[in-house]
Structures are given as C-alpha cells and as structure tokens.
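> Structure here, sequence nowhere to be found:
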C-alpha cells in the first residue's frame, strides 16, 4: 500500500515538474534561450566563428553605402546561418542522447544537419558577393563620409555590436552566479543604456538632453544593483562597454575616417 502511495506521489511530482518546464514564464523562457546561445558559443567553434563573422560584417557595412533593403537581406542571411548552426547543435546533442553507439542513422542525421549549415553558409557568401563586390572593387565607392548622414544605420549597428559583445563577455567570464539574462559578469542593461545615452550625446547638441539621457542610464544601472542582479563592478563594466562601442562607431570610425 505504501509503495503504491509512493509511486503516486512520484508521478504527481513528475507531472508538476513537467508542467513547470512546459509553461515557463517569459523571464524563464528568455533565460533558457540565452543559456542555449551561451552554451553554443562556449562549446561550438563553428557557432563562435559565425558570431564573430556577424560582428565583422556589421562593422564593415558601416563603410559602404548600403540601403535598407540590402541591410535587411544581410540581417536575414546572418540570422539563417546562426539559426542553422543552433539547430545543428541541438540535433547533434539529441542524436548523441539517443544513440550511445556508432549507428549509420546517427551519422545520417548529423551529416544532414551539417549540410543545412553548409547551405546557409554558401548562401551568405553569395549574398555578400552581390552586395559588396561592386563596392569593394572600385575603392572610390567606399562611403566613409556618407556614414555621417546615416544616424539610424549607425545606431542600429551600435546596438547590435553591444548586444553581441555583451553575450561574448557573458560566455567568457560567466562564473555560474545567477543566469545569463539575469546577472552575469557584465550588465547588458547597463551596456545598452549607456550606449544609447552616448549616441544621444553625439546626435544632439542639447546639453539638457545629454544630461537627462545619462541620468536615465545611471538609473537603469542603479536598478540592477538595487535588485541585487548585478554588482557595482559588473554595472561599471557594462557601462564602459556601451560607451566605448558607441564612441568607436560614432566618432573614431566616422570622424577619424
């Protein structure tokens, strides 16, 4: 009788755990997603290369007169490559879980997943060729000075670089405290807040607007400390990261060029 009760309790607990796992709240969902990205970056060399290439392409695009349609195509292409690599990583782990011995079906599954990554990578080469070839060959078409008239493009690139850089820092320096989204060695919220405040400083000559922007950034940083999500050093690290990236993109690359 006691054995039956124990089995029923175990089944009930298992059902409750499954429900919690299947129905996470939005914060938990983001945490799981970020954990997947961090795991892939730390353990998959190909994924790491794709992220670094995405950063490189984002920076290179600053030097060319790329219109919105071309930028959208670049973003979709980069997303497809990263998505294929993530799905391939998930597939490999599931296959390894199912097949503990060498099996022809496991090889087929892994080869097909790798083939999907290859197709998207080749597609990215073609897209890059069609978008950049005519701009790279005649060097006179390089549009360094035109960038100064594209604050929207610069802002978008700066935010993308901040997000990717923050994820890289989190994966490299993460010490297991908190989650990658809620915590970590560098504050992503502070990085974005101070990046935006710095961008506003470069786009406006209004001192009051600049001061208010940095006050808001400081409030964001303070809220991360007050909520015990980040330490003071993590918030400072994030703020410096956002300011440096915005400064490099809006001042050194543009005016210095």
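All right, it came through fine. Note that this is a predicted model, so its numbers are computed, not measured.

> Residue ranges in the stretch 51-200 of the chain under the pLDDT threshold?
Counting by pLDDT under 70, the ranges of the stretch 51-200 of the chain that qualify are 136-151, 173-184.

> swap the cut-off to 90 and go again
Along the stretch 51-200 of the chain, the parts satisfying pLDDT under 90 run over 51-75, 78-79, 81, 85, 88-119, 121-190, 192, 196, 198-200.

> Could you pull out the helices in it for me?
Assigned by DSSP state H, counting those that start in this stretch, the stretch 51-200 of the chain shows helices spanning 68-98, 104-136, 151-173, 188-203.

> want to throw these into CSV with distance to residue 243?
(Glycine included, C-beta is placed from N, CA and C.) Output for these, formatted as CSV (distance: least, Cβ to Cβ, whole Å):
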stretch, distance to residue 243
helix 68-98, 25
helix 104-136, 30
helix 151-173, 10
helix 188-203, 5
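
> Contacts only, for the residue most central in space within the chain.
Nearest residue to the geometric centre of the chain (Cα atoms, centre = their mean): residue 164, 3.9 Å. With contacts defined as Cβ atoms under 8 Å, 6 or more residues apart in numbering, residue 164 is in contact with 51, 54, 55, 58.

> quick one: contacts for the second one?
So that's residue 54. Listed by Cβ under 8 Å, 6+ apart, the contact set of residue 54 reads 78, 82, 164.

> Return the closest of these with respect to residue 129.
Ranked by distance to residue 129 (Cβ to Cβ), these are led by residue 78 at 14.9 Å.

> thought the closest one was touching residue 123?
No: taking contacts as Cβ atoms under 8 Å, residue 78 lies outside contact range of residue 123: 10.8 Å.

> Which one's more surrounded, these two?
Comparing residue 78 with residue 123 by other Cβ atoms under 10 Å, the one with more neighbours is residue 78, at 21 against 14.

> Nearest spatial neighbour of that one, chain-adjacent residues omitted?
Of all residues not flanking residue 78 in the chain, residue 54 sits nearest, at 4.8 Å (Cβ to Cβ, 6 or more residues apart in numbering).

> Can you tell me how far the one you found is from residue 230?
Using Cβ to Cβ, to the nearest Å, one obtains 26 Å as the distance from residue 54 to residue 230.

> what angle sits between the helix or strand harbouring residue 247 and helix 151-173?
In the assignment (DSSP states H and E), residue 247 maps to helix 232-247. Relative orientation of helix 232-247 versus helix 151-173 (axes from the mean of the first three to the mean of the last three Cα atoms, to 10 degrees): 140 degrees.

> what's the offset of helix 232-247 from the middle of its chain?
Its chain's C-alpha centre and that of helix 232-247 lie 16 Å apart, by Cα atoms, centre = their mean, to the nearest Å.

> Tell me what angle that helix forms with helix 188-203.
Going by the same axes, to 10 degrees, helix 232-247 makes 30 degrees with helix 188-203.

> Show me which positions of helix 232-247 end up buried.
Neighbour-count burial for helix 232-247 flags 234-239, 241-247 (criterion: 16 or more other Cβ atoms under 10 Å).
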